[in-house]
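>>> Mind folding the following:
(chains A, B and C)
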Amino acid sequence: MQLKKFGLSFVQSLAWGIAAMVAGIAQHAAAADLPKEVRIATVAYATGGKVGYNGNAGVIEQQGWLRQELQKQGINLVWVPVAAQTVGATINEGFANKSIDFAGYGDLPSIILNGGGVETRVVVPGGAGNNVYVLVPPNSTAKSIVDLKGKRIALHRGRPWEITFSRLLAANGLKLSDFKISNLNPAAGAAALAAGNVDAFVTLSDAYTLEDKKVGKILWSTKQAGQEWKMRAELWGDKSFIERYPQVTQIIATAYIKAQYWTSQESNFEGFVKIAEASGQPAAVIRREYQTDAVSWKQRWSPLFDAFVLDHYRTAIAYSRQGNLIRRDLDAASLFDPRFVNAALKELKLENYWTARGLNSAGTS
Amino acid sequence: MKNLLKALPRAQGLQGLWLPLLVLALWEFTSRQSAAYAYAFVPLLDIWHSLLGLLVSGELLTNLLATMRTAMVGLVIGGSLGLLVGGLMGVSRTVDKLIGPLYHAVRQVPLLGWIPLIGLWFGNGLLSKVLIVSLAAFYPMVLNTYEGVRNVEKRFIEVAQVLKFSRWQLFTRVQLPGALPSVITGVMHALAFSWISTVGSELLFGSGPGLGGLMQTAQAASKMDVVLVAVASIGVIGLIINVGFTRISRHLLRWRHAH
Amino acid sequence: MAINKLIATEFLRDRAVLAISPLLLLGAWTWACHAGLFPEQILVSPQRVYEAGVELWDSGELAMHLEKSLSRLAIGFSIGALVGLAFGVAMGLSKRVEALCGPSFNAIRQVPTIAFIPMLILIFGVEETFKIVVVAKAAFFPIALATLDAVKGVPKQYFEVARVYRLSTAQLVRRIILPATVPPVLTGFRISLGRSWMVLVAAELLAADSGIGQMMEMGRQMFRIDVVMVGVVITGLVGFVLDRGFRSLETRLVRWKLP
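Numbers count the residues shown, from 1 in each chain, chains lettered A, B, ... in the order given. Next up is the predicted model:
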């Protein structure tokens, strides 16, 4: 009799225990519908003890909208700062070891990443961003890239400007193997140029700083060339994150479109320059980079997934495959996830603000 | 030449100033040669202004403290682990045979060669730096603790055996104190290596606060003046740590000279 | 006969035991990859590393990088060692030299060689000169220090004997100082060789267009972690070989020294 009573109460408590466990698990699963934080990697600069974020990230922080929206859902926005010297490698590692969910970075490193088997997708194209410059020593007699055949060039491999540089070579009937390439990061490359160790140096707008310091002069740049020459950077996202949390991805995509819309307006140019100053570059250099360019300011920030972007990636993938930078084929279209941009444009009523570009090299459609 | 040397002022200690002064003069001279030279050999006045600027803005101090913090944390973690492993290896032949070869093999890889891998596995932040610094402190601690324990004079061990000490008593009463001088040498080396590897890993990871990071950013921006200020700070702090610790260890080990 | 067999098996067993922990590690590594504990991009399997190594060797790339790194090491080390020896002897023998150079020597010694890299890049650029200077600096200090200590440790009687026999300074150095100081100086050589190798790899990681360090960095940029691991293994192997080589040289010389 005692045993029976005991047994019954035991079964009862067991039942309660199981029910509680199940309820707990269910609740935990429900709560796991949203991540606690979203980590977006972006190039950041530490100047004077403060951290400044570049481009879109800087604008988004200033606008504050993304942070608020995510906070409403209990998600913390975390910017993961990345040093400008090693953006590609650092972000690739971040995606591979799952320590970041999104990143704003360039085309070649992301192709290399996907070619290596880690899957990321373009969520928001970043517009045709920075110009690429080729510098030579101040007393160099070279007039064009052809004069530099057989010479030593400082070029950081696996970075977006390698694509631009290869385009330049192809346009002049040259190959990468026609030169002696020194794989130096931008800081080392600048030092090499100053010390006369190299005959040319491929870099971004820091070219102006070096010109001002009289350690180099600009031989060629993409300023007057068509849009497809400029270096590209987009917002990439971890594929599994996008699939698991499409709503969060949508909010982020909308924030980036908002930022690019704000920047693309001429009236906000000065405000944008101020944000870009966080990189430590003087405003004068920033202005020279962005002004008097063959591509209109507005079109530079177009986030559209048009034929232009698709073609860029097709060419870049072909280049990587041919140069053995990646060991398997990639389909450019499969790297894109246009749902979020389309939805964001519709929500913000910006569907007709930017015009889709075809393959016309003039940068117009 | 000998006469020239004899003619130099004999004031104690002041003699050492001739060389640095000569170098400074050469430096200033080179910086005035051309713009290209001034790129690397920044005029002395600019260096002075940079120093003041960094001190006033507090940037120097912030980075200094960050580097010190990383070094200390790494030292504590690596040092204590090293003490444990080294002690175990010294005390037990089995452990020595098992772990020894692996330890010596892994030790050969230059610390900074691990950085690309650690960067991939643990990211570029504080964790990775602390990991490298711990490793740097770990190696000398293991080595010195091991040797210290092993070299405890046989007669002390014999006395312990006569007195029928248990393994634990043998360890705490004889081996540990006997190994202390070696352990302290180990800590001194670990200290030096922690400091060096902190700076090195900051340079190579290139992100986050710290004197190495300050130097890296400055080099990227071609600001030789900031680089030099950072180099000098690193040297000064290293000197303070070394001298300070030598004094402390001499004080702690004074009982050794008694007998 | 039986006793020889016993000794042989003992010997083999001792050697075999040495291999236990490295083999265990290798086993654990392979198992972790098979079990898929980490994505294959993070933890590359030993097989992938081996294949990458073979690929690099076949293409001649590995040999080229190795040759570049080792030649830089050889040249820089020779320069640094020679200057270090000369300096150590000079400072040890002459009080005036010590007074003049001592403070600067100690000051610069405090700064880790790695911290000098940004400054040296700005001055020398990123060509061979820069790397050789870095290696020479790393080699210089331990050797100079060891030589200084060794020279100072030479018993006073030796000097008196030299005076009695009226030996010139050159003869003094060659006949008396050098033999008396060889063992500690050799140890100094070994330590500085290890440090120079480590510093060279670091310098190549930061700024080079060839060499093992650069091969690792390029691997990192191209997301070829297997290449990075090949680099790690190679740097460890080279360090190991250099260290062992010097150790056996030391023991052989010591044996020669003792009657």
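>>> so how many other residues sit close to the residue in the stretch 201-350 of chain A that chain B sits nearest to?
Residue of the stretch 201-350 of chain A nearest chain B, by Cβ to the nearest Cβ: A:K214 (4.6 Å). In this view, the C-beta of every residue, glycine as well, is placed from N, C-alpha and C. Neighbours of A:K214 under the rule other Cβ atoms under 10 Å in any protein chain shown: 14.
>>> Doesn't it belong to a helix?
No: in this structure, A:K214 is coil, not part of a helix, as judged by DSSP: H, G, I helix; E, B strand; the rest coil.
>>> So it sits against A:N139, correct?
No: contact between A:K214 and A:N139 fails when scored by Cβ atoms under 8 Å: they sit 10.5 Å apart.
>>> For the stretch 101-250 of chain C, which residues are neighbours of chain A?
Applying Cβ under 8 Å from any Cβ of the partner chain, we find that the stretch 101-250 of chain C lies next to chain A at C:121-127, C:206-209, C:214, C:217-218, C:220-224.
>>> Filter those down to just the ones in helices.
Applying DSSP state H to these, the entries found in helices are C:I121, C:L122, C:I123, C:F124, C:L206, C:Q214, C:E217, C:M218, C:R220, C:Q221.
>>> do you know how far B:S249 is from B:G186?
11 Å (Cβ to Cβ, to the nearest Å).
>>> Where does the stretch 101-250 of chain C get nearest to chain A, which residue?
For the stretch 101-250 of chain C, Cβ to the nearest Cβ, closest residue to chain A: C:G125, 2.6 Å.
>>> Wait, B:L214 touches B:E59, no?
Yes: with contact defined as Cβ under 8 Å, B:L214 and B:E59 form a contacting pair (7.3 Å).
>>> what residues are shared contacts of those two?
Counting by Cβ atoms under 8 Å, 6 or more residues apart in numbering or on different chains, B:L214 and B:E59 have no shared contacts at all.
>>> who has more neighbours, the two?
When neighbours are counted by other Cβ under 10 Å, B:L214 and B:E59 differ, and B:L214 comes out ahead with 29 against 19.
>>> Contacts only, for the more buried one.
Contacts of B:L214 by Cβ under 8 Å, 6+ apart are B:E59, B:L60, B:N63, B:V226, B:A230.
>>> got the residues of the stretch 51-200 of chain A near chain B?
So far as Cβ under 8 Å from any Cβ goes, the stretch 51-200 of chain A lies against chain B at A:81-86, A:89-90, A:93-94, A:96-97, A:99, A:186-187, A:190-191, A:194-195.
>>> Mind giving me the PyMOL select for the residues you listed, buried ones only?
Command for PyMOL that selects the buried part of those, burial taken from 16 or more other Cβ atoms under 10 Å in any protein chain shown:
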select buried, chain A and resi 81+82+83+84+85+86+89+90+93+94+96+97+186+187+190+191+194+195
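>>> Filter the residues of the stretch 51-200 of chain A next to chain B down to the ones in strands?
A:P81, A:V82 (DSSP state E).
>>> The residues of the stretch 51-200 of chain A next to chain B also near chain C: which ones?
Okay, of those touching chain C (Cβ under 8 Å from any Cβ), that's A:T86, A:A89, A:E93, A:A96, A:N97, A:A187, A:A191, A:A194, A:A195.
>>> Could you dump the residues you listed into JSON lines and include pLDDT?
Below are those laid out as JSON lines (pLDDT from 0 to 100):
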{"residue": "A:T86", "pLDDT": "79"}
{"residue": "A:A89", "pLDDT": "86"}
{"residue": "A:E93", "pLDDT": "87"}
{"residue": "A:A96", "pLDDT": "87"}
{"residue": "A:N97", "pLDDT": "84"}
{"residue": "A:A187", "pLDDT": "81"}
{"residue": "A:A191", "pLDDT": "82"}
{"residue": "A:A194", "pLDDT": "83"}
{"residue": "A:A195", "pLDDT": "80"}
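>>> That concludes my questions; thank you for your assistance.
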